[in-house]
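Novice: build the 3D model from these lines:
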Amino acid sequence: NANYCFTPRLSLKLFVSPYVVVGKYSEFKLINDADNSDRNIRYKAIVDTTLAEFGLPDEKSADFNYMSFQGNAVIQWEFLPGSTVYLVWTHNREEYINSSKSLDPLKNLDNLFSIYPNDIFLLKVSYWFQR
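Specialist: This is a model prediction of the structure:
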């Protein structure tokens, strides 16, 4: 977050949030005996060939990459006492990849800026009526 005041009546506020998550799954297990305190007995290891029997994907296709970048910029101008104009820009980039192609978060952060953005511009005017 950042704030910058150009004048007492004109300011700019920035909010930026990059987010990268990488998930890699391995060693799938089933609950064999939930009440048992011994982990070796509580869970039963399963292999790739039996995952489909339980409606689960194989280990390779369960891996995923999720990337998101959200940013907002707000220009606030108080043109009269109590009356303000807000110009808002919302920027969003987001991608979910269900694969294990790249499990490097730093490389994914670079790839984040090649995703097509979704931009929204808003204008709000609030006027204070005096008696």
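Novice: switch to C-alpha atoms for all contacts and neighbour counts from now on
Specialist: Noted.
Novice: could you list the low-pLDDT ranges of the protein?
Specialist: 47-52, 54-61, 99-110, 131 (pLDDT under 70).
Novice: and if we set it to 80?
Specialist: Along the chain, segments meeting pLDDT under 80 span 22-30, 45-65, 96-114, 130-131.
Novice: just give me the residue closest to the centre of it.
Specialist: In the chain, the residue lying closest to the centroid (Cα atoms, centre = their mean) is residue 68, at 4.1 Å.
Novice: would you agree it is in contact with residue 97?
Specialist: No - here residue 68 lies out of contact with residue 97, judged by Cα atoms under 8 Å, at a distance of 11.7 Å.
Novice: hang on, the earlier thing: work out for me the element the residue nearest to the centre of the chain sits within.
Specialist: strand 64-80 (DSSP states H and E).
Novice: and the next helix or strand after that strand, what does it pack onto?
Specialist: Of the helices and strands lying after strand 64-80 in sequence (DSSP H and E), the nearest is strand 83-97. For strand 83-97, the elements it packs on are strand 64-80, strand 118-126, judged by 3 or more Cα pairs under 8 Å, 6 or more residues apart in numbering; DSSP states H and E.
Novice: so what are the sheet partners of strand 83-97 and their directions?
Specialist: Strand 83-97 has its sheet partners listed here by DSSP bridges as strand 64-80 (antiparallel), strand 118-126 (antiparallel).
Novice: how near is residue 28 to residue 45?
Specialist: 6 Å (Cα to Cα, to the nearest Å).
Novice: quick one: which of those two has more around it?
Specialist: residue 28 (15 against 12; other Cα atoms under 10 Å).
Novice: most tightly packed of the strands paired with strand 83-97?
Specialist: strand 64-80 (a mean of 18; mean count of other Cα atoms under 10 Å).
Novice: now residue 111: which helix or strand?
Specialist: Per DSSP H and E: helix 105-111 holds residue 111.
Novice: how about residue 53, secondary structure?
Specialist: helix (DSSP: H, G, I helix; E, B strand; the rest coil).
Novice: so how many other residues sit close to residue 20?
Specialist: With other Cα under 10 Å as criterion, residue 20 counts 18.
Novice: host element of it?
Specialist: Using DSSP H and E, the element containing residue 20 is strand 10-23.
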